[in-house]
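J.: Need coordinates for the following:
(chains A and B)
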Amino acid sequence: SQQGEEDPQALSIQEGENATMNCSYKTSINNLQWYRQNSGRGLVHLILIRSNEREKHSGRLRVTLDTSKKSSSLLITASRAADTASYFCATDAGGDKIIFGKGTRLHILP
Amino acid sequence: DTGVSQNPRHKITKRGQNVTFRCDPISEHNRLYWYRQTLGQGPEFLTYFQNEAQLEKSRLLSDRFSAERPKGSFSTLEIQRTEQGDSAMYLCASSLSTKADTQYFGPGTRLTVL
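T.: Alright, predicted model coming up:
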């Protein structure tokens, strides 16, 4: 079964706008990660946030983590066409492995 | 290229045939993972290795599936007597850490069973 659940399932925004996607999970975690997958290709690691962190930044990415609500959000600012991809959250609740959600499909409109 | 590589990239086979996929991880990584991904879904964990030891197998991994990592370097995933339901993208990832940390993914092998 999948631990994380991304919301929304799909998102379309205009280039230059900000994109926000959320992830909810069920059990306690040590860390949460976000990955990006371009169409039909492998996954690329974006950012990892540990359970004792509340916010983390990497370039145009901002990730927040609220362990009391068991949720995380990924914000992409000033979106570009190249950001069109599926975004997955992954949690370590499965011990030494990570469990992926179903993903949010982001489409950046020109 | 020092990333994770997978071969072949695409495989088309007939139902009932056996197929084998190969994954070459990043050289210093001791952890290697196999996932399966179907359209519109996230990757589903299949199995992972710590060096040459296979430490965990998912319930998804039926008896027709077997994975090896004989020398703690490359790994192979074999599917025997393939079924149409095996059609999916098979992803390999490696990591340096012994914890559930950042994983580096290969491009995947897309399997189509006719």
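
J.: Dead centre of chain B: give me the residue that sits there.
T.: Centroid-nearest residue in chain B: residue B:34, 3.3 Å away (criterion: C-alpha atoms, centre = their mean).

J.: ok, residues contacting the helix or strand where residue B:66 lies?
T.: With elements delineated by DSSP states H and E, residue B:66 resides in strand B:65-68, which encompasses its position. Applying C-beta atoms under 8 Å, 6 or more residues apart in numbering or on different chains, the external contacts of strand B:65-68 come out as B:34, B:46-47, B:49, B:54, B:61, B:75-80. Where C-beta positions appear, they are placed from N, C-alpha and C, glycine not excepted.

J.: After it, which helix or strand is next?
T.: According to DSSP H and E, the helix or strand after strand B:65-68 is strand B:75-79.

J.: Run the angle between the following helix or strand past that next one and strand B:75-79 for me.
T.: Of the helices and strands lying after strand B:75-79 in sequence (DSSP H and E), the nearest is strand B:88-95. Here strand B:88-95 runs at an angle of 160 degrees relative to strand B:75-79 (axes from the mean of the first three to the mean of the last three C-alpha atoms, to 10 degrees).

J.: What lies in contact with the next helix or strand along the chain from strand B:88-95?
T.: Sequence-wise, the next helix or strand downstream of strand B:88-95 (DSSP H and E) is strand B:104-105. Residues outside strand B:104-105 that contact it (C-beta under 8 Å, 6+ apart): A:35, A:42-45, B:3-4, B:25-26, B:29, B:91-95.

J.: now do 10 Å
T.: Contacts made with strand B:104-105 from outside it, assessed by C-beta atoms under 10 Å, 6 or more residues apart in numbering or on different chains, are listed as A:35, A:37, A:41-45, B:2-4, B:6, B:25-26, B:29, B:33, B:35, B:43, B:91-96.

J.: That one pairs with which strands?
T.: Using DSSP bridges, the strands paired with strand B:104-105 in its sheet are strand B:88-95 (antiparallel).

J.: gap between the strand it pairs with and the chain center?
T.: Counting by C-alpha atoms, centre = their mean, to the nearest Å, strand B:88-95 is centred 5 Å from the centre of its parent chain.

J.: Can you tell me the closest non-neighbouring residue to residue A:48?
T.: Closest residue in space to residue A:48, ignoring its immediate chain neighbours: residue A:33 at 4.6 Å, by C-beta to C-beta, 6 or more residues apart in numbering or on different chains.

J.: Hmm, which of the contacts of strand B:65-68 is lowest in pLDDT?
T.: The lowest pLDDT within those belongs to residue B:61, which sits at 83.

J.: burial count for it?
T.: Around residue B:61 sit 18 other residues, with neighbours defined as other C-beta atoms under 10 Å in any protein chain shown.

J.: Repeat that for residue B:40.
T.: Under the neighbour criterion other C-beta under 10 Å, residue B:40 is assigned a count of 10.

J.: Please report phi then psi for it.
T.: Geometry field for residue B:40 lists phi and psi as phi 80, psi 0, criterion degrees, to the nearest 10.

J.: re earlier: restricted to strands, list the contacts of strand B:104-105.
T.: Cross-referencing the contacts of strand B:104-105 against strands under DSSP state E gives A:35, A:37, A:43-45, B:6, B:33, B:35, B:91-95.

J.: Put the buried members of those into a ChimeraX selection.
T.: Taking 16 or more other C-beta atoms under 10 Å in any protein chain shown as the burial criterion, the selection of buried members of the ones in strands among the contacts of strand B:104-105 in ChimeraX is written as:
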select /A:35,37,43,45 /B:6,33,35,91,92,93,94,95
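
J.: Done for today, thanks.
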